[in-house]
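A.B. asks: okay, here's the prediction I keep looking at, along with the sequence it came from:
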Amino acid sequence: MNKLDKIEYFTEMAESMFGKHWKMPLSEFFGVTDRTIRRWATGENEIPDEAIRGMLSFMYARIRAITAAADEIAMEFVTEDGYERIIYMPSMQIANMRIDLDVETREWFDIDGKLYAIHSDGTVIDMSGNNAALPDGVSIEQLYYAKKSYIENPENQIAEN
């Protein structure tokens, strides 16, 4: 990996980990001065491979922790009275999150807190844009029923001027 690529990846990972003001928290994470971090970010000093690997390990650990917490919370909702497993998402602004997913030809659904879409050709994709199987016990018919129920609910009707 060339130096510029390494700096770009380093900066992208640091911002993903700590937000726009990442230099001070990253220096605390590594136990180095913020000056060292600035030198790595500008290319004045080489970024150690161990720093990149440490950041990757931290990111994967955070992903696992966040996923585990989300799964635990989602399971709590399942036991609540009135829980709706499938929710039609007609105003889903997915383009703000994933601009590469064509929103005009997909209908989005929240199934137990995870997003799935049905493409106009009937295929199902997940939030990452990958072909996906629906969760156990969920069928395409149930998704269309959730959409129909949403459309027929008077509370969801747009008032005419």
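C.D. replies: Great, that's in hand. Bear in mind the structure is a predicted one, so any value in this text is a computation, not a measurement.
A.B. asks: please make it C-alpha for all contacts and neighbour counts, starting now.
C.D. replies: OK.
A.B. asks: after the lowest-mean-pLDDT helix or strand in the chain, which helix or strand is next?
C.D. replies: Lowest by mean pLDDT, DSSP states H and E among the helices and strands of the chain is helix 94-97, with a mean of 54. Beyond helix 94-97 on the C-terminal side, the first helix or strand identified by DSSP states H and E is strand 106-111.
A.B. asks: ok, residues contacting that following strand?
C.D. replies: 85-90, 92, 115-120, 135, 143 (C-alpha atoms under 8 Å, 6 or more residues apart in numbering).
A.B. asks: any idea how far the residue nearest in space to the middle of the chain is from residue 65?
C.D. replies: Nearest to the mean C-alpha position of the chain, counting by C-alpha atoms, centre = their mean, stands residue 127 at 7.2 Å. Going from residue 127 to residue 65 by C-alpha to C-alpha, to the nearest Å gives 19 Å.
A.B. asks: can you map out the strands along this protein?
C.D. replies: Secondary structure of the chain by DSSP state E: the strands cover 86-88, 106-111, 114-119, 124-126.
A.B. asks: ok, which of those strands comes nearest residue 80?
C.D. replies: strand 86-88 (14.1 Å; C-alpha to C-alpha).
A.B. asks: dump the strands of the chain to CSV, plus mean pLDDT.
C.D. replies: Below are the strands of the chain laid out as CSV (pLDDT from 0 to 100):
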stretch, mean pLDDT
strand 86-88, 91
strand 106-111, 88
strand 114-119, 88
strand 124-126, 89
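A.B. asks: would you reformat these as a markdown table and include mean neighbour count?
C.D. replies: Below are the strands of the chain laid out as a markdown table (neighbours: other C-alpha atoms under 10 Å):
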| stretch | mean neighbour count |
| --- | --- |
| strand 86-88 | 21 |
| strand 106-111 | 20 |
| strand 114-119 | 20 |
| strand 124-126 | 19 |
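A.B. asks: related to what we said a few turns ago, the residue nearest to the centre of the chain contacts residue 113, doesn't it?
C.D. replies: No. At 11.4 Å, residue 127 and residue 113 do not qualify as touching, with contact defined as C-alpha atoms under 8 Å.
A.B. asks: can you tell me how far residue 18 sits from residue 149?
C.D. replies: Residue 18 is 41 Å from residue 149, by C-alpha to C-alpha.
A.B. asks: got it, and residue 105?
C.D. replies: For residue 105, the distance to residue 149 - C-alpha to C-alpha - is 20 Å.
A.B. asks: higher neighbour count, these two?
C.D. replies: Counted by other C-alpha atoms under 10 Å, residue 105 and residue 149 do not tie: residue 149 has more neighbours, with 14 against 11.
A.B. asks: alright, calling it a day.
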